[in-house]
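S.K.: Below are the sequence and a predicted model for it; my questions follow.
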Amino acid sequence: MMTSGPVLELKDVGKVYPATPPVPAVSGVSLTVMAGELVAVVGPSGSGKTTLLHLMAALDRPSSGSVRVAGAEIAAMSDRQLSALRAYRIGVVFQQFFLIDTQTALDNVAAGLLYRGIPAAQRRRRAAGALDRVGLSSRAGHRAQQLSGGERQRVAIARAVVGEPAIVLADEPTGNLDSAASAVVMSDLCRLNMDGTTLVIITHEPGVAAVAGRRIEVLDGRIVADRAVGASEGAREGALS
Amino acid sequence: MTPRARLRAADLLPNATIGLRARKVRAALSALAVAVGIAAVVGVVGITRSSESAVLAEIDRLGTNLLTVTNGQSLSGQEVELPAAAPGMIGRAYGVQQVAATAEFPSYPVFRTDKMPIYETNGLDVRACDGALLRTLGGTVRQGTFLNPATSRFPAAVLGYQAARALGIARANHAIRVWVPDPSGVTGHWLTVVGILDPFPLAPEIDSSVLVGFPLARQLFGYDGHPSRIYVRTVTSQTAVTAALLARTAWPNHPEQVQVSRPSDALAARLDVQNSGTTLLLGLGAVAILAGGLGIANVMVISVMERRREIGLRRALGATRGHIGSQFLLEALLLSVLGGGCGVGIGAAVTFSVARLHGWATLVPGVAVWGGLGIAAVVGAVAGMYPALRAARLSPTDALRSA
């Protein structure tokens, strides 16, 4: 885990989807995320947030500009190199959790290390530690389909952090949860950030954005505001309580 | 520098079975067609081989060293006479162990009663022989006794297995007689049945004969010492050499008229006939396997579409295209090999039951077992190729968006 310096650097990034006429989803986006930051990217639906997340998660290459994750430029990378970057440097949390229903919580978390070629026993051991960090040790043996929505998302968070990636990206992590479950998930994310995990949360919920120390507002594929939010301490206290 | 993304070999199998475990019924059904096809192939090959081995065992038991000598000039299918000296000459030939001469009397039918009209025939012949016949053929008596020097002189007959069945005679005793009408139609002869023989697979003509002794044949049927069919038992290793000598030995003046044959060859020829019949069944099995392959391809394509989000997730976790492709390819392969394995089991079980039913030794050739599994693997690999490519080519963002 990196402790200082930029983890994610976007310079004048544009993404155009091929169609007639071409659809510019993101254009002219520049931002830098430093190690240990908790950044909220907010904006209405259709504003290009998810495209931005895909670019930051190295799931897609930009049409123009430069994206550097943990110092590596992804525009020039092969598919294989992008896969390696995702396996070692990036953790992603999805709105729909994306757990494998037939597997246990522990195995779902261990899957976060699957493509690093780590032996199964070691994966499980580290997964148990990650589950403990989100307070779900007692659920380790339960199948994903037996867990509640909030628990599923916490398992997904554990999976994202089990490999201690340079950056964790969360796409609407509370979008499918009720307010009580949302609060637990947010407190988990805040705690991980306070332990040093660099975190970018994409959301359109103001309450979620409030816990972040920095808020980037996106509209029509452009950044319209990028500012540190001073009131974050109080919101964090609330989230953690 | 970031290390390479890699998947341990030990994780390949659990990964590839996730889909199968999640949808067990679907997996079982799609493997079923392959199972049926492989079972058909293994069953057909197994049953054929088991029955073959039964025939081969029979040939082995009966021996391949029996030769028959006949006059090859027969036009009507009835036996024509050989020189009277032939049996004696053959007996002294190289490699000959035993000789038995027989003479057929085609103009003498055999009936249960003397009320039958003379123009009726029933395919049964009177044939003259002596005690050497039973020894040479290695035959056994089912009922009563065989002809001996005493009964050879009296109106006594031994029935071949089929002859006894045709006449409806189940046991031999002094009260049971058969009627041999004279070709003139005026008179005839009653013969007492003293014995019934077991079947001779190598000499079916004996099965449908009514056997009498040479002295009686001379007295009643005009036997003049010329045999029409001579059975020769040779030293096994010298059978071919002896067979080549026999024509000239039996009839030095006209060796071209003598036909020497080996009856066990006819049994062996039966195998080829049987084998040609199995080709159709093997073809049907192949069609079932092909259909199974198409079914697996179909199910895998559906599975790839249904599991786009899983594919997207795996790509987000660091899976390369190769990892995704190999996961689905291996899944198709497993599905097919699973079906193939069940098919081999079913085929072997069917072979075992059929072999038991017929009293054969069960023989499932290894080539059928390994071949069946191999075919299943190839079918699975080919069937999985396209779905695996589709899965591998899916872009991670498309896969995730589709959720």
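M.R.: Cool, got the structure.
S.K.: which residue packs closest to whichever residue of chain A sits closest to chain B, ignoring adjacent ones?
M.R.: Closest to chain B within chain A is A:Ala87: 2.3 Å, counting by C-beta to the nearest C-beta. (Each C-beta comes from the backbone N, C-alpha and C, glycine too.) Distances taken as C-beta to C-beta, 6 or more residues apart in numbering or on different chains put B:Gly318 closest to A:Ala87, at 2.3 Å, once the chain neighbours are dropped.
S.K.: confidence score at B:Val44?
M.R.: On the pLDDT scale, B:Val44 is placed at 88.
S.K.: Contacts only, for it.
M.R.: Taking C-beta atoms under 8 Å, 6 or more residues apart in numbering or on different chains, we find B:Val44 in contact with B:Thr278, B:Leu281, B:Leu282, B:Gly285.
S.K.: In terms of helices and strands, where is the first one?
M.R.: In this structure, B:Thr278 sits in helix B:263-306 according to DSSP states H and E.
S.K.: Any part of the helix or strand that that helix is followed by near chain A?
M.R.: Per DSSP H and E, helix B:263-306 leads on to helix B:308-316 as the next helix or strand towards the C-terminus. Yes: using C-beta under 8 Å from any C-beta of the partner chain, helix B:308-316 reaches chain A at B:Arg309, B:Glu310, B:Gly312, B:Leu313, B:Arg314, B:Arg315, B:Ala316.
S.K.: Nearest residue to the fourth one in space, please, no chain neighbours.
M.R.: If I follow you right, that is B:Leu313. Excluding the flanking residues, the one nearest B:Leu313 by C-beta to C-beta, 6+ apart is A:Phe98, at 4.3 Å.
S.K.: Wait, the one you found touches B:Ile311, no?
M.R.: No: the pair A:Phe98 / B:Ile311 is not scored as a contact, 10.5 Å apart, by C-beta atoms under 8 Å.
S.K.: which of the two has more neighbours?
M.R.: Comparing A:Phe98 with B:Ile311 by other C-beta atoms under 10 Å in any protein chain shown, the one with more neighbours is B:Ile311, at 25 against 22.
S.K.: Now do the phi/psi pair for the residue lying closest to B:Ser395 once chain neighbours are set aside.
M.R.: The spatial neighbour of B:Ser395 that comes closest, neighbours along the chain excluded (C-beta to C-beta, 6+ apart), is A:Asp60 at 7.5 Å. As for A:Asp60, its main-chain torsions (degrees, to the nearest 10) stand at phi -150, psi 150.
S.K.: What count of nearby residues applies to A:Asp60?
M.R.: Here the number of neighbours of A:Asp60 (other C-beta under 10 Å) works out to 22.
S.K.: Please apply the same query to B:Gly19.
M.R.: 24.
S.K.: part of a helix, is it?
M.R.: Yes: checked against DSSP: H, G, I helix; E, B strand; the rest coil, B:Gly19 lies within a helix.
S.K.: Read off the pLDDT value for it.
M.R.: In this prediction, B:Gly19 carries a pLDDT score of 87.
S.K.: Just list the residues touching residue 169, thanks.
M.R.: As the question left the chain open, I've gone with chain A. So A:Leu169 contacts A:Leu53, A:Met56, A:Ala57, A:Ile90, A:Gly91, A:Val92, A:Val93, A:Val200, A:Ile202 (C-beta under 8 Å, 6+ apart).
S.K.: Correction: the question concerned chain B.
M.R.: Taking C-beta under 8 Å, 6+ apart as the test, what B:Ile169 contacts is B:Arg112, B:Leu159, B:Ile176, B:Val178, B:Val193, B:Ile196.
S.K.: quick one, helices of chain A?
M.R.: Applying DSSP state H to chain A gives helices spanning A:49-56, A:79-89, A:105-110, A:120-133, A:149-161, A:179-194, A:206-209, A:232-240.
S.K.: JSON lines for those, including mean neighbour count and mean pLDDT?
M.R.: What follows is the helices of chain A, written out as JSON lines (neighbours: other C-beta atoms under 10 Å in any protein chain shown; pLDDT from 0 to 100):
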{"stretch": "helix A:49-56", "mean neighbour count": "24", "mean pLDDT": "92"}
{"stretch": "helix A:79-89", "mean neighbour count": "22", "mean pLDDT": "94"}
{"stretch": "helix A:105-110", "mean neighbour count": "26", "mean pLDDT": "96"}
{"stretch": "helix A:120-133", "mean neighbour count": "17", "mean pLDDT": "95"}
{"stretch": "helix A:149-161", "mean neighbour count": "26", "mean pLDDT": "95"}
{"stretch": "helix A:179-194", "mean neighbour count": "19", "mean pLDDT": "91"}
{"stretch": "helix A:206-209", "mean neighbour count": "18", "mean pLDDT": "81"}
{"stretch": "helix A:232-240", "mean neighbour count": "16", "mean pLDDT": "58"}
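S.K.: one step back: buried ones from the contacts of B:Ile169, can you make that a PyMOL selection?
M.R.: For the buried members of those, the matching PyMOL selection, counting by 16 or more other C-beta atoms under 10 Å in any protein chain shown, is:
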select buried, chain B and resi 159+176+178+193+196
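S.K.: ok, so what distance separates the residue nearest to B:Ile230 when sequence neighbours are not counted from B:Pro204?
M.R.: Spatial nearest neighbour of B:Ile230, chain neighbours left out: B:Val69 (4.2 Å); criterion: C-beta to C-beta, 6+ apart. The gap separating B:Val69 from B:Pro204 is 17 Å, by C-beta to C-beta, to the nearest Å.
S.K.: higher neighbour count, those two?
M.R.: Between B:Val69 and B:Pro204, B:Val69 has the larger neighbour count (other C-beta under 10 Å), namely 27 against 15.
S.K.: Distance check, that one against B:Thr278.
M.R.: Using C-beta to C-beta, B:Val69 is found at 35 Å from B:Thr278.
S.K.: just A:Arg80 next, same as before
M.R.: 50 Å.
S.K.: so the residue in chain B positioned nearest to chain A, which of the three states?
M.R.: Closest to chain A within chain B is B:Gly318: 2.3 Å, counting by C-beta to the nearest C-beta. Following three-state DSSP, the label given to B:Gly318 is coil.
S.K.: Name the residues of chain A found near chain B, please.
M.R.: Proximity of chain A to chain B (C-beta under 8 Å from any C-beta) is limited to residues A:50, A:54, A:57, A:59-60, A:70, A:72, A:79-81, A:83-89, A:92, A:94, A:96, A:98, A:100-103, A:111-112, A:114-120, A:159.
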